[in-house]
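# Okay, here's the prediction I keep looking at, along with the sequence it came from:
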Amino acid sequence: LYPDWILEGLAESQSLAREPAEEMLVRDAVLDGAIPDLSTLHGRDALNEHERGQFQVHAALAVQWIAGRTPRGSAKRLFHVFNSDLPWPSARLIKRAAGMTYGDVEKGLRAELERSYRAWATGREEPSAFARTARRPRNYYRVYELGPSWSPDGRKVAFFDDREGYHTITVLDLESGDESSLLSVFLRVSIDAVKAQDRGLDWSPDGRTICFVGDRIGRAYLYFKNLEGGGLRRIALPLDDISQPQYSPDGKRVAFVGLRSGKSDIYVLGVDSLEVFRLTRHDWPETDPAWSPDGKKLAYAGETDGQFDIYSIDLGTRQVERLTSGATNEISPAWRPDGGALTFASDADGAFNIYSADLTSRAITRHTNVPGGAFAPRWNPGGDEILFTSYRHGRFTTCIMPPRVAGPAPALDDPLRADSNRRWFVG
(Lines give C-alpha, C1' and ligand atoms only; values in the text may rest on other atoms or scores of the structure.)
Protein backbone atom coordinates (compact mmCIF):
# COMPACT_ATOMS: atom_id res chain seq x y z
CA LEU A 1 0.00 0.00 0.00
CA TYR A 2 2.98 2.32 0.40
CA PRO A 3 4.30 4.06 -2.74
CA ASP A 4 7.24 1.95 -3.85
CA TRP A 5 9.43 4.99 -4.42
CA ILE A 6 9.13 5.92 -0.75
CA LEU A 7 9.97 2.42 0.50
CA GLU A 8 12.89 2.08 -1.94
CA GLY A 9 14.03 5.65 -1.39
CA LEU A 10 14.12 5.31 2.39
CA ALA A 11 16.27 2.19 2.09
CA GLU A 12 18.59 3.53 -0.63
CA SER A 13 19.05 6.97 0.93
CA GLN A 14 20.48 5.41 4.08
CA SER A 15 23.00 3.26 2.21
CA LEU A 16 26.51 4.20 1.15
CA ALA A 17 27.08 7.00 -1.36
CA ARG A 18 25.87 6.21 -4.85
CA GLU A 19 28.42 5.14 -7.42
CA PRO A 20 28.78 7.23 -10.61
CA ALA A 21 27.50 4.29 -12.67
CA GLU A 22 24.28 4.34 -10.65
CA GLU A 23 23.71 8.09 -10.78
CA MET A 24 24.36 7.91 -14.54
CA LEU A 25 20.98 6.24 -15.00
CA VAL A 26 19.01 9.18 -13.60
CA ARG A 27 21.28 11.82 -15.13
CA ASP A 28 20.77 10.30 -18.57
CA ALA A 29 16.98 10.37 -18.17
CA VAL A 30 17.07 13.99 -17.00
CA LEU A 31 19.18 15.07 -19.98
CA ASP A 32 16.69 13.32 -22.28
CA GLY A 33 13.70 14.97 -20.60
CA ALA A 34 12.48 11.49 -19.73
CA ILE A 35 12.57 11.47 -15.93
CA PRO A 36 9.18 10.12 -14.74
CA ASP A 37 6.92 11.79 -12.18
CA LEU A 38 7.07 10.29 -8.70
CA SER A 39 3.32 9.74 -8.88
CA THR A 40 3.94 7.16 -11.63
CA LEU A 41 6.35 5.21 -9.42
CA HIS A 42 3.93 3.93 -6.79
CA GLY A 43 4.44 0.40 -8.10
CA ARG A 44 7.48 -1.13 -9.80
CA ASP A 45 5.89 -4.29 -11.15
CA ALA A 46 5.34 -2.60 -14.52
CA LEU A 47 9.01 -1.62 -14.81
CA ASN A 48 11.39 -3.74 -16.85
CA GLU A 49 14.72 -4.98 -15.51
CA HIS A 50 16.66 -1.97 -16.76
CA GLU A 51 14.12 0.62 -15.55
CA ARG A 52 14.37 -0.69 -12.00
CA GLY A 53 17.96 0.45 -11.57
CA GLN A 54 17.00 4.00 -12.53
CA PHE A 55 13.96 3.77 -10.25
CA GLN A 56 16.10 2.93 -7.21
CA VAL A 57 18.42 5.90 -7.68
CA HIS A 58 15.54 8.26 -8.51
CA ALA A 59 13.73 7.18 -5.33
CA ALA A 60 16.81 7.80 -3.17
CA LEU A 61 17.33 11.26 -4.69
CA ALA A 62 13.67 12.09 -4.00
CA VAL A 63 13.89 11.14 -0.32
CA GLN A 64 17.15 13.05 0.06
CA TRP A 65 15.60 16.11 -1.60
CA ILE A 66 12.64 15.98 0.78
CA ALA A 67 15.03 15.70 3.73
CA GLY A 68 17.15 18.64 2.66
CA ARG A 69 14.87 21.01 0.76
CA THR A 70 11.41 20.94 2.37
CA PRO A 71 10.22 22.90 5.43
CA ARG A 72 10.09 19.99 7.84
CA GLY A 73 10.99 16.94 5.85
CA SER A 74 13.45 14.22 6.85
CA ALA A 75 13.83 10.54 6.06
CA LYS A 76 12.92 9.75 9.67
CA ARG A 77 9.78 11.90 9.59
CA LEU A 78 8.74 10.51 6.21
CA PHE A 79 8.98 6.99 7.60
CA HIS A 80 7.15 7.94 10.80
CA VAL A 81 4.25 9.61 8.99
CA PHE A 82 3.69 6.73 6.57
CA ASN A 83 4.14 4.16 9.33
CA SER A 84 1.72 5.77 11.81
CA ASP A 85 -1.24 6.42 9.54
CA LEU A 86 -3.19 4.83 6.75
CA PRO A 87 -0.76 4.87 3.79
CA TRP A 88 -3.21 6.63 1.50
CA PRO A 89 -3.87 9.05 -0.01
CA SER A 90 -0.16 9.61 -0.53
CA ALA A 91 -0.56 13.32 -1.28
CA ARG A 92 -1.98 13.97 2.19
CA LEU A 93 0.84 12.12 3.94
CA ILE A 94 3.59 13.71 1.86
CA LYS A 95 2.24 17.17 2.70
CA ARG A 96 2.12 16.21 6.37
CA ALA A 97 5.67 14.85 6.30
CA ALA A 98 7.31 17.49 4.10
CA GLY A 99 5.24 20.60 4.69
CA MET A 100 4.53 21.03 0.96
CA THR A 101 2.25 19.43 -1.58
CA TYR A 102 3.06 16.31 -3.59
CA GLY A 103 3.03 18.42 -6.75
CA ASP A 104 5.48 20.94 -5.29
CA VAL A 105 7.79 18.11 -4.22
CA GLU A 106 7.79 16.75 -7.78
CA LYS A 107 8.37 20.19 -9.32
CA GLY A 108 11.15 21.06 -6.87
CA LEU A 109 12.98 17.75 -7.31
CA ARG A 110 12.71 17.91 -11.09
CA ALA A 111 13.96 21.51 -11.17
CA GLU A 112 16.99 20.69 -9.03
CA LEU A 113 17.89 17.62 -11.08
CA GLU A 114 17.55 19.61 -14.30
CA ARG A 115 19.67 22.47 -13.00
CA SER A 116 22.37 20.25 -11.57
CA TYR A 117 22.76 17.72 -14.37
CA ARG A 118 22.43 20.11 -17.29
CA ALA A 119 25.09 22.38 -15.84
CA TRP A 120 27.35 19.39 -15.24
CA ALA A 121 26.88 18.13 -18.82
CA THR A 122 27.72 21.48 -20.45
CA GLY A 123 30.68 21.11 -22.80
CA ARG A 124 30.57 17.33 -22.93
CA GLU A 125 30.40 15.43 -26.21
CA GLU A 126 27.70 13.03 -27.28
CA PRO A 127 29.15 9.70 -28.50
CA SER A 128 27.55 10.28 -31.90
CA ALA A 129 29.87 13.27 -32.40
CA PHE A 130 33.05 11.18 -32.52
CA ALA A 131 32.11 7.49 -32.68
CA ARG A 132 30.03 5.22 -34.87
CA THR A 133 27.76 2.48 -33.61
CA ALA A 134 28.85 -1.02 -34.54
CA ARG A 135 25.28 -2.07 -35.19
CA ARG A 136 22.85 -0.36 -37.50
CA PRO A 137 20.36 1.78 -35.53
CA ARG A 138 17.47 -0.22 -34.12
CA ASN A 139 14.33 0.89 -32.33
CA TYR A 140 14.53 -1.64 -29.52
CA TYR A 141 13.60 -0.13 -26.17
CA ARG A 142 16.42 -0.07 -23.59
CA VAL A 143 18.47 -2.82 -25.19
CA TYR A 144 21.73 -3.53 -23.37
CA GLU A 145 24.76 -4.49 -25.45
CA LEU A 146 27.60 -5.45 -23.12
CA GLY A 147 31.16 -6.80 -23.18
CA PRO A 148 32.13 -6.18 -26.84
CA SER A 149 35.16 -7.98 -28.26
CA TRP A 150 36.95 -7.70 -31.62
CA SER A 151 37.58 -10.73 -33.78
CA PRO A 152 41.33 -11.29 -34.36
CA ASP A 153 41.10 -9.92 -37.91
CA GLY A 154 39.14 -6.84 -36.79
CA ARG A 155 36.28 -7.55 -39.19
CA LYS A 156 33.71 -8.66 -36.64
CA VAL A 157 32.66 -7.95 -33.09
CA ALA A 158 30.84 -10.12 -30.58
CA PHE A 159 28.83 -8.84 -27.64
CA PHE A 160 26.06 -9.75 -25.23
CA ASP A 161 22.63 -8.60 -26.38
CA ASP A 162 19.27 -8.74 -24.58
CA ARG A 163 16.90 -7.54 -27.31
CA GLU A 164 14.94 -10.81 -27.00
CA GLY A 165 14.35 -10.22 -23.30
CA TYR A 166 17.32 -12.34 -22.19
CA HIS A 167 21.03 -12.15 -22.91
CA THR A 168 22.57 -14.05 -25.76
CA ILE A 169 25.78 -13.54 -27.77
CA THR A 170 25.58 -11.70 -31.08
CA VAL A 171 28.33 -11.88 -33.71
CA LEU A 172 28.27 -8.88 -36.05
CA ASP A 173 30.06 -8.52 -39.37
CA LEU A 174 31.12 -4.85 -39.44
CA GLU A 175 31.27 -4.59 -43.24
CA SER A 176 28.02 -6.27 -44.23
CA GLY A 177 26.05 -5.63 -41.06
CA ASP A 178 25.02 -9.28 -40.96
CA GLU A 179 24.32 -10.66 -37.49
CA SER A 180 24.12 -14.14 -36.06
CA SER A 181 23.04 -15.36 -32.65
CA LEU A 182 25.77 -17.64 -31.36
CA LEU A 183 23.63 -19.55 -28.87
CA SER A 184 20.17 -19.61 -30.43
CA VAL A 185 19.81 -23.40 -30.17
CA PHE A 186 21.53 -23.74 -26.77
CA LEU A 187 19.98 -21.12 -24.49
CA ARG A 188 17.27 -22.45 -22.23
CA VAL A 189 18.21 -25.98 -23.34
CA SER A 190 21.81 -26.73 -22.34
CA ILE A 191 22.56 -23.26 -20.89
CA ASP A 192 20.15 -21.55 -18.52
CA ALA A 193 21.72 -18.08 -18.86
CA VAL A 194 24.95 -16.46 -19.99
CA LYS A 195 26.94 -14.23 -17.64
CA ALA A 196 26.71 -10.93 -19.51
CA GLN A 197 29.31 -8.43 -18.30
CA ASP A 198 32.36 -6.44 -19.41
CA ARG A 199 35.09 -8.85 -20.56
CA GLY A 200 32.56 -11.64 -20.32
CA LEU A 201 33.53 -13.21 -23.66
CA ASP A 202 36.59 -13.48 -25.88
CA TRP A 203 37.71 -14.80 -29.28
CA SER A 204 40.45 -17.38 -29.67
CA PRO A 205 43.48 -15.97 -31.55
CA ASP A 206 42.64 -18.09 -34.62
CA GLY A 207 39.11 -16.63 -34.69
CA ARG A 208 37.43 -20.03 -34.59
CA THR A 209 36.13 -20.10 -31.02
CA ILE A 210 34.45 -17.82 -28.52
CA CYS A 211 34.67 -18.51 -24.80
CA PHE A 212 32.20 -17.30 -22.18
CA VAL A 213 30.62 -18.29 -18.87
CA GLY A 214 27.11 -19.66 -18.55
CA ASP A 215 24.95 -21.00 -15.74
CA ARG A 216 23.37 -24.42 -15.73
CA ILE A 217 21.24 -25.65 -12.83
CA GLY A 218 22.74 -23.16 -10.40
CA ARG A 219 26.38 -23.67 -11.35
CA ALA A 220 28.72 -21.55 -13.50
CA TYR A 221 30.63 -23.31 -16.30
CA LEU A 222 33.25 -22.17 -18.77
CA TYR A 223 32.03 -22.71 -22.34
CA PHE A 224 33.85 -22.82 -25.68
CA LYS A 225 31.72 -22.41 -28.82
CA ASN A 226 33.23 -23.29 -32.19
CA LEU A 227 32.07 -20.76 -34.77
CA GLU A 228 32.34 -23.25 -37.61
CA GLY A 229 29.57 -25.42 -36.24
CA GLY A 230 29.24 -28.20 -33.71
CA GLY A 231 28.23 -28.17 -30.09
CA LEU A 232 29.57 -26.62 -26.93
CA ARG A 233 32.57 -27.63 -24.91
CA ARG A 234 31.71 -27.24 -21.24
CA ILE A 235 34.31 -27.11 -18.47
CA ALA A 236 33.50 -27.44 -14.77
CA LEU A 237 36.06 -25.80 -12.50
CA PRO A 238 36.62 -26.40 -8.75
CA LEU A 239 35.50 -22.91 -7.72
CA ASP A 240 32.39 -21.35 -6.23
CA ASP A 241 31.94 -19.05 -9.23
CA ILE A 242 33.80 -17.98 -12.38
CA SER A 243 33.56 -15.05 -14.81
CA GLN A 244 35.34 -13.01 -17.50
CA PRO A 245 37.37 -15.61 -19.46
CA GLN A 246 40.11 -14.15 -21.69
CA TYR A 247 42.33 -16.02 -24.17
CA SER A 248 46.10 -15.65 -24.02
CA PRO A 249 47.73 -14.37 -27.24
CA ASP A 250 48.92 -17.90 -28.12
CA GLY A 251 45.48 -19.42 -27.44
CA LYS A 252 46.87 -22.01 -25.05
CA ARG A 253 45.57 -20.47 -21.82
CA VAL A 254 42.50 -18.66 -20.56
CA ALA A 255 42.64 -16.19 -17.69
CA PHE A 256 39.46 -15.71 -15.68
CA VAL A 257 38.10 -14.48 -12.37
CA GLY A 258 37.45 -17.21 -9.84
CA LEU A 259 35.62 -17.03 -6.53
CA ARG A 260 36.53 -19.36 -3.69
CA SER A 261 35.58 -18.99 -0.03
CA GLY A 262 34.41 -15.45 -0.65
CA LYS A 263 37.69 -14.31 -2.27
CA SER A 264 37.89 -13.20 -5.89
CA ASP A 265 41.24 -13.80 -7.63
CA ILE A 266 42.66 -14.17 -11.13
CA TYR A 267 43.18 -17.77 -12.29
CA VAL A 268 44.69 -19.27 -15.44
CA LEU A 269 43.45 -22.44 -17.20
CA GLY A 270 45.36 -24.54 -19.70
CA VAL A 271 42.97 -24.96 -22.64
CA ASP A 272 44.17 -28.48 -23.49
CA SER A 273 45.51 -29.72 -20.15
CA LEU A 274 42.66 -28.16 -18.11
CA GLU A 275 45.19 -27.46 -15.36
CA VAL A 276 44.20 -24.46 -13.24
CA PHE A 277 46.48 -22.29 -11.16
CA ARG A 278 45.70 -19.30 -9.00
CA LEU A 279 47.67 -16.29 -10.17
CA THR A 280 46.81 -13.70 -7.52
CA ARG A 281 46.41 -14.18 -3.77
CA HIS A 282 45.05 -11.01 -2.24
CA ASP A 283 42.38 -10.21 0.31
CA TRP A 284 40.62 -7.72 -1.98
CA PRO A 285 38.39 -8.42 -5.01
CA GLU A 286 40.00 -8.58 -8.45
CA THR A 287 38.33 -8.45 -11.84
CA ASP A 288 38.74 -7.61 -15.56
CA PRO A 289 41.83 -9.67 -16.57
CA ALA A 290 43.60 -8.58 -19.78
CA TRP A 291 46.65 -10.23 -21.38
CA SER A 292 49.57 -8.14 -22.60
CA PRO A 293 50.29 -8.57 -26.33
CA ASP A 294 53.37 -10.71 -25.60
CA GLY A 295 51.49 -12.90 -23.12
CA LYS A 296 53.96 -12.20 -20.31
CA LYS A 297 51.73 -10.03 -18.13
CA LEU A 298 48.12 -9.69 -17.11
CA ALA A 299 46.48 -6.38 -16.23
CA TYR A 300 43.42 -6.36 -13.99
CA ALA A 301 41.35 -4.15 -11.69
CA GLY A 302 41.63 -4.63 -7.94
CA GLU A 303 39.63 -2.98 -5.16
CA THR A 304 41.67 -1.44 -2.33
CA ASP A 305 40.99 1.51 -0.04
CA GLY A 306 37.40 1.65 -1.23
CA GLN A 307 37.93 1.93 -4.98
CA PHE A 308 39.28 0.01 -7.95
CA ASP A 309 42.78 0.61 -9.34
CA ILE A 310 44.59 -0.91 -12.31
CA TYR A 311 47.36 -3.44 -11.62
CA SER A 312 49.58 -5.67 -13.72
CA ILE A 313 51.27 -8.93 -12.75
CA ASP A 314 54.28 -10.52 -14.45
CA LEU A 315 53.47 -14.20 -14.98
CA GLY A 316 57.11 -15.19 -14.77
CA THR A 317 58.27 -13.31 -11.67
CA ARG A 318 54.83 -12.83 -10.05
CA GLN A 319 55.67 -9.19 -9.46
CA VAL A 320 52.57 -7.02 -9.08
CA GLU A 321 52.62 -3.34 -9.99
CA ARG A 322 49.89 -0.84 -9.19
CA LEU A 323 49.43 1.48 -12.18
CA THR A 324 46.78 3.89 -10.88
CA SER A 325 46.29 5.12 -7.34
CA GLY A 326 43.67 7.84 -7.35
CA ALA A 327 40.60 8.25 -5.17
CA THR A 328 38.33 7.12 -8.03
CA ASN A 329 37.56 3.87 -9.83
CA GLU A 330 39.64 2.61 -12.74
CA ILE A 331 38.35 -0.60 -14.35
CA SER A 332 38.38 -2.66 -17.57
CA PRO A 333 42.04 -2.38 -18.63
CA ALA A 334 42.99 -3.14 -22.25
CA TRP A 335 46.52 -3.17 -23.67
CA ARG A 336 47.32 -1.11 -26.72
CA PRO A 337 48.53 -3.56 -29.42
CA ASP A 338 52.13 -2.33 -29.16
CA GLY A 339 52.11 -2.97 -25.40
CA GLY A 340 53.12 0.61 -24.60
CA ALA A 341 49.93 1.77 -22.93
CA LEU A 342 46.89 0.54 -21.03
CA THR A 343 43.45 1.87 -21.83
CA PHE A 344 40.71 1.74 -19.20
CA ALA A 345 37.49 3.31 -17.92
CA SER A 346 37.59 5.74 -14.99
CA ASP A 347 34.98 7.77 -13.10
CA ALA A 348 37.56 10.43 -12.24
CA ASP A 349 35.24 13.34 -13.06
CA GLY A 350 31.98 11.83 -11.79
CA ALA A 351 31.15 9.83 -14.92
CA PHE A 352 32.90 6.85 -16.49
CA ASN A 353 35.04 7.84 -19.45
CA ILE A 354 37.89 6.19 -21.34
CA TYR A 355 41.55 7.01 -20.76
CA SER A 356 44.97 5.60 -21.62
CA ALA A 357 48.10 5.54 -19.47
CA ASP A 358 51.50 5.45 -21.15
CA LEU A 359 53.48 2.76 -19.30
CA THR A 360 56.80 4.58 -19.71
CA SER A 361 55.97 8.24 -19.08
CA ARG A 362 52.81 7.60 -17.00
CA ALA A 363 51.12 10.33 -19.05
CA ILE A 364 47.32 10.08 -19.15
CA THR A 365 45.32 10.64 -22.34
CA ARG A 366 41.59 11.23 -22.21
CA HIS A 367 39.66 9.66 -25.12
CA THR A 368 36.04 10.52 -24.20
CA ASN A 369 34.16 13.19 -22.29
CA VAL A 370 30.57 11.98 -22.52
CA PRO A 371 27.49 13.02 -20.51
CA GLY A 372 26.39 9.42 -20.02
CA GLY A 373 29.12 6.83 -19.60
CA ALA A 374 31.82 5.04 -21.61
CA PHE A 375 33.05 1.59 -20.58
CA ALA A 376 34.91 -1.57 -21.60
CA PRO A 377 37.50 -0.29 -24.14
CA ARG A 378 39.20 -2.71 -26.52
CA TRP A 379 41.78 -1.88 -29.22
CA ASN A 380 41.41 -3.37 -32.68
CA PRO A 381 44.37 -5.46 -33.91
CA GLY A 382 45.71 -2.59 -36.04
CA GLY A 383 45.75 -0.15 -33.14
CA ASP A 384 43.76 2.55 -34.98
CA GLU A 385 40.30 2.08 -33.41
CA ILE A 386 38.86 1.50 -29.95
CA LEU A 387 35.73 -0.54 -29.34
CA PHE A 388 33.72 0.51 -26.29
CA THR A 389 30.30 0.48 -24.67
CA SER A 390 28.40 3.76 -24.39
CA TYR A 391 25.47 4.41 -22.08
CA ARG A 392 23.10 7.05 -23.46
CA HIS A 393 19.35 7.41 -24.04
CA GLY A 394 18.58 4.57 -21.66
CA ARG A 395 20.65 1.89 -23.36
CA PHE A 396 24.14 0.44 -23.61
CA THR A 397 25.41 0.56 -27.20
CA THR A 398 28.52 -0.88 -28.85
CA CYS A 399 30.57 1.95 -30.40
CA ILE A 400 33.84 2.38 -32.30
CA MET A 401 36.08 5.46 -32.21
CA PRO A 402 39.59 6.50 -33.24
CA PRO A 403 42.18 6.92 -30.44
CA ARG A 404 41.40 10.61 -30.09
CA VAL A 405 42.20 13.21 -27.43
CA ALA A 406 39.11 14.65 -25.72
CA GLY A 407 40.56 17.47 -23.67
CA PRO A 408 42.77 17.46 -20.58
CA ALA A 409 42.77 14.41 -18.33
CA PRO A 410 42.16 14.68 -14.58
CA ALA A 411 44.85 13.48 -12.17
CA LEU A 412 44.50 9.77 -11.51
CA ASP A 413 47.18 9.48 -8.80
CA ASP A 414 46.77 10.40 -5.15
CA PRO A 415 50.19 11.55 -3.84
CA LEU A 416 49.46 9.90 -0.50
CA ARG A 417 48.96 6.52 -2.18
CA ALA A 418 51.03 6.75 -5.35
CA ASP A 419 54.31 5.40 -3.98
CA SER A 420 53.03 3.17 -1.18
CA ASN A 421 52.99 -0.50 -2.08
CA ARG A 422 53.65 0.30 -5.74
CA ARG A 423 55.26 -3.10 -6.38
CA TRP A 424 55.33 -6.44 -4.59
CA PHE A 425 55.52 -10.16 -5.29
CA VAL A 426 52.82 -12.81 -5.01
CA GLY A 427 54.05 -15.85 -3.15
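Structure received. Numbering: from 1, shown residues only.

# who's in contact with the strand or helix carrying residue 400?
In the assignment (DSSP states H and E), residue 400 maps to strand 395-401. Residues outside strand 395-401 that contact it (CB atoms under 8 Å, 6 or more residues apart in numbering) are 50, 127, 130-135, 140, 142-146, 148, 157, 159, 172, 174, 367-368, 375, 385-391. For glycine as for every other residue, the C-beta is placed from the backbone atoms N, C-alpha and C.

# Where helices are concerned, which of those count?
residue 50 (DSSP state H).

# worst-scoring helix or strand of this protein, pLDDT-wise?
None of the helices or strands of the chain scores lower by mean pLDDT, DSSP states H and E than helix 415-418, at a mean of 47.

# Tell me where the stretch 201-350 of the chain has helices.
Taking DSSP state H, counting those that start in this stretch as the criterion, the stretch 201-350 of the chain carries no helices.

# now the contacts of strand 395-401: which count as buried?
Buried residues within the contacts of strand 395-401, counting neighbours by 16 or more other CB atoms under 10 Å: 50, 127, 130-131, 134-135, 143-146, 148, 157, 159, 172, 174, 367-368, 375, 385-391.

# Of the residues you listed, which belong to strands?
Using DSSP state E, the members of those that fall in strands are 145-146, 148, 157, 159, 172, 375, 386-391.

# Just give me the closest of those residues to residue 314.
Nearest to residue 314 among these: residue 386, at 25.4 Å, using CB to CB.

# List the residues that contact that closest one.
Residue 386 sits in contact with 343, 354, 367, 377-380, 400-403, where contact means CB under 8 Å, 6+ apart.

# For the residues you listed, please prepare TSV with the additional fields distance to residue 279 and pLDDT.
Listed next are the contacts of residue 386 as TSV, based on distance: CB to CB, whole Å; pLDDT from 0 to 100:
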residue	distance to residue 279	pLDDT
343	22	97
354	26	97
367	29	98
377	23	98
378	21	98
379	23	98
380	27	97
400	31	98
401	32	98
402	33	97
403	29	96
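
# out of those residues, who has the most neighbours?
Of all the contacts of residue 386, the most densely surrounded is residue 354 (29 neighbours; neighbours counted as other CB atoms under 10 Å).

# Strand partners (parallel or antiparallel) of the helix or strand containing that one?
According to DSSP H and E, residue 354 maps onto strand 353-358. Strand 353-358 pairs in its sheet with strand 341-346 (antiparallel), strand 364-366 (antiparallel), by DSSP bridges.

# Name the residues that touch the last one?
By that I understand strand 364-366. Under the criterion CB under 8 Å, 6+ apart, residues 341, 353-358, 405-410, 412 lie in contact with strand 364-366.

# let's go with 7 Å and repeat that
Strand 364-366 is contacted by residues 353, 355-357, 405-409, 412 when judged by CB atoms under 7 Å, 6 or more residues apart in numbering.

# Export these to CSV and append columns for distance to residue 203.
Output for the contacts of strand 364-366, formatted as CSV (distance: CB to CB, whole Å):
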residue, distance to residue 203
353, 26
355, 25
356, 22
357, 25
405, 29
406, 28
407, 33
408, 35
409, 30
412, 30
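
# Now render the residues you listed as a markdown table, adding distance to residue 45, neighbour count and pLDDT.
Compiled in a markdown table, the contacts of strand 364-366 are given as follows (distance: CB to CB, whole Å; neighbours: other CB atoms under 10 Å; pLDDT from 0 to 100):
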| residue | distance to residue 45 | neighbour count | pLDDT |
| --- | --- | --- | --- |
| 353 | 35 | 25 | 97 |
| 355 | 40 | 24 | 96 |
| 356 | 44 | 23 | 96 |
| 357 | 45 | 23 | 93 |
| 405 | 46 | 10 | 95 |
| 406 | 41 | 19 | 94 |
| 407 | 43 | 13 | 89 |
| 408 | 46 | 9 | 88 |
| 409 | 44 | 20 | 86 |
| 412 | 42 | 22 | 74 |
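
# Between the residues you listed, which sits nearest residue 163?
Residue 163 lies nearest to residue 353 out of the contacts of strand 364-366, by CB to CB, at 26.2 Å.

# need the contact list for that closest one.
Counted by CB under 7 Å, 6+ apart, residue 353 has contacts 345-346, 366, 368-370, 374.

# Who are the contact partners of residue 131?
Taking CB under 7 Å, 6+ apart, we find residue 131 in contact with 399-401.

# Read off the pLDDT value for it.
Residue 131 is assigned 98 on the pLDDT scale.

# and the ones in strands among the buried ones among the contacts of strand 395-401 as CSV, adding pLDDT and distance to residue 260?
CSV is the format used below for these (pLDDT from 0 to 100; distance: CB to CB, whole Å):
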residue, pLDDT, distance to residue 260
145, 95, 31
146, 96, 25
148, 98, 29
157, 98, 32
159, 97, 29
172, 97, 35
375, 97, 27
386, 98, 34
387, 98, 32
388, 98, 31
389, 98, 29
390, 97, 34
391, 96, 32
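
# Now the two most distant members of those residues.
Largest separation among those by CB to CB: 172 and 391, giving 19.0 Å.

# Low-confidence regions, the stretch 301-427 of the chain specifically.
Counting by pLDDT under 70, the stretch 301-427 of the chain shows low-confidence ranges at 414-427.

# quick revisit: just give me the closest of the contacts of residue 353 to residue 321.
Closest approach between the contacts of residue 353 and residue 321, by CB to CB: residue 346, at 17.7 Å.

# Ignoring the adjacent residues along the chain, who's closest to the closest one?
Excluding the flanking residues, the one nearest residue 346 by CB to CB, 6 or more residues apart in numbering is residue 330, at 4.6 Å.

# From start to finish, how long is stretch 32-51 in a straight line?
Length of stretch 32-51, first residue to last, CA to CA, to the nearest Å: 15 Å.

# now swap in stretch 288-304 and tell me
Using CA to CA, one end of stretch 288-304 lies 15 Å from the other.

# Pull out the buried positions in that stretch.
Buried positions in stretch 288-304, judged by neighbour count with 16+ other CB under 10 Å: 288-293, 297-304.

# Show me what it is in contact with.
With contacts defined as CB under 7 Å, 6+ apart, stretch 288-304 is touched by 198-199, 244, 246, 248-250, 255-257, 266, 279, 282, 284-287, 308-316, 330-335, 337, 339, 342.

# With stretch 272-284 instead?
Outside stretch 272-284, the residues within contact range by CB under 7 Å, 6+ apart are 235, 237, 265-269, 286, 298, 302-304, 313, 426-427.

# for the residues you listed, which one is nearest residue 67?
Nearest to residue 67 among the contacts of stretch 272-284, counting by CB to CB, is residue 303 at 29.9 Å.

# what is the closest one paired to in the beta sheet?
Residues in beta-bridge contact with residue 303 (DSSP bridges): residue 308.
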